[in-house]
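> Need coordinates for the below:
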Amino acid sequence: MKNKTILIITCILTLSGCGKINTSHSENIKTVQTNESATDTKAETVNQASTAAVLQTESENYEGYSGLWTESSFSHEDIISYGGLEFSFQVTDKASLDGCLFMQQGTTQRIAEIDNITGKITNGELNYKYDDDGWGGSGILHITFSDDKAIQIEVQDYKMKDTNLSGYGFSGVYQLERAKQNKEEDLFDVMYEKYYSHWTDSEMQNAIAERKTYRDQCSFYPEVSDYLENVREVRDISSVVEPLYFTDLKIYQKQDFDQVPPLIIHLAKNEIYARHGYIFKNQDLNNYFKGQIWYEPSITPENFKDSVFNKNEQVNLKLLSSLDTYK
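From the prediction side, this is the model:
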């Protein structure tokens, strides 16, 4: 009886011990599972945040910033007349920037310039390293695009060339706003003065008649006429007296050409050259522009220099070149 009692007590203690061990082991498994769950949740959160950041970057669109930006919203004409800084550029494919930075001193008319500024805007910022600002200066342009459509350019790591005794060049921080554009009535006055005022009615009609031969020899001229008459509703002599676009007087935006046929975009780009007397080797382009009475051919391609383009033309040429798909 005594041995039986001891055996029962031993079994009870053994069972109790096993129960305790199993409970402890169960708690450890639960802890591991909880930690693994927390780790998975954390990893999922990181992945979600990373994905969100990528999606945010991909969804950013900075094309609306394209155009001319200056200090105090000065116009291009103000900068040329009184001095100041301007940043002209186009943004394509949502975030690819191409532009130039120009500065002129009002009193001495010294000029500093950084051409071919390119890069991709990421999270509202772009860094561009330059080696020469026209005065031998070098540095990094840190460009920031704000939600309120303001632009800041901070020149970092600026190094002035030893031979630059004037100290002129880009340095410091510049706050820019969208430049004022010429009023439509001002554009009309300039356009009239440039393309109409020096003709009498009879001289204009004679010139239009004389150049009809060139228009007839241009294979795509009927397509241009159809576009002007049925889309723009232009049915008067302005179609041969004025260019298609005033790319020397104002800066256009990408959306201005959303519904424009490839041929017209191609001609708008070449108008920038034609306005300065460029002689075209392509026979159709040659005939088309000779059919326009404002066109005066004077410079061969070999002797032509892009330096004749004003700032508006430079910006518009970059935009139109990126949009030109005509073959």
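
> hang on, residue 279 packs against residue 302?
No - using Cβ atoms under 8 Å, residue 279 is not in contact with residue 302; the gap is 9.8 Å. (Each C-beta comes from the backbone N, C-alpha and C, glycine too.)

> The two: who's more crowded?
Neighbour count, other Cβ atoms under 10 Å: between residue 279 and residue 302, residue 279 has more, with 18 against 6.

> list the contacts for that one?
286, 297, 298, 299, 300, 301 (Cβ atoms under 8 Å, 6 or more residues apart in numbering).

> any idea what sits nearest the second one, other than its immediate chain neighbours?
Of all residues not flanking residue 297 in the chain, residue 279 sits nearest, at 4.7 Å (Cβ to Cβ, 6 or more residues apart in numbering).

> Okay, helices next: where are they in the stretch 51-200 of the chain?
For the stretch 51-200 of the chain, applying DSSP state H, counting those that start in this stretch gives helices covering 76-82, 184-195.

> Residue 146: which of those is closest?
helix 76-82 (21.8 Å; Cβ to Cβ).

> pLDDT averaged over that closest one - what is it?
Across helix 76-82, pLDDT averages out at 81.

> hmm, who's touching it?
68, 70, 74, 84-86, 102, 104, 106, 179-180, 182, 310-312.

> Only the buried subset of the residues you listed, as a ChimeraX command please.
Command for ChimeraX that selects the buried part of the contacts of helix 76-82, burial taken from 16 or more other Cβ atoms under 10 Å:
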select :68,70,74,84,85,86,102,104,179,182,311,312
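
> Give me the subset of the contacts of helix 76-82 lying in strands.
Those of these mapping onto strands are 68, 70, 84, 85, 86, 102, 104, per DSSP state E.

> between those residues, which is nearest residue 230?
For these, the nearest to residue 230 is residue 68 (32.7 Å; Cβ to Cβ).

> Pull the contacting residues for the closest one.
76, 86, 87, 88, 178, 179, 251, 311, 312, 315.

> So the nearest residue to the third one once chain neighbours are set aside versus residue 244, what's the distance?
Here the nearest residue to residue 87 in space, its sequence neighbours aside, is residue 69; by Cβ to Cβ, 6+ apart that works out to 4.6 Å. Residue 69 sits 26 Å away from residue 244, going by Cβ to Cβ, to the nearest Å.

> Compare those two and say which is more crowded by neighbours.
The residue with more neighbours, out of residue 69 and residue 244, is residue 69; 24 against 19, by other Cβ under 10 Å.

> Who does the spatially most central residue of the chain form a beta bridge with?
What sits nearest the mean C-alpha location of the chain, by Cα atoms, centre = their mean, is residue 91, with 1.6 Å. Beta-bridge pairing of residue 91 under DSSP bridges involves residue 97.

> how about residue 316, phi and psi?
Dihedral angles of residue 316 (phi, psi; degrees, to the nearest 10) stand at phi -70, psi -30.

> how much space between it and residue 203?
To residue 203, residue 316 is 30 Å away according to Cβ to Cβ.

> ok, now residue 137?
Separation of residue 137 from residue 203 (Cβ to Cβ): 51 Å.

> out of these two, which sits in the more crowded spot?
Using other Cβ under 10 Å as the criterion, residue 137 and residue 203 rank with residue 137 on top: 22 against 11.

> Now do that one against residue 117, distance only.
15 Å.

> follow-up on the earlier one: quick check: which of the helices of the stretch 51-200 of the chain is buried the most?
Highest mean neighbour count of the helices of the stretch 51-200 of the chain: helix 76-82, a mean of 16 (counted as mean count of other Cβ atoms under 10 Å).

> before we move on, back to that, now render the helices of the stretch 51-200 of the chain as CSV, adding distance to residue 151.
Formatted as CSV, the helices of the stretch 51-200 of the chain follow (distance: least, Cβ to Cβ, whole Å):
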stretch, distance to residue 151
helix 76-82, 15
helix 184-195, 25
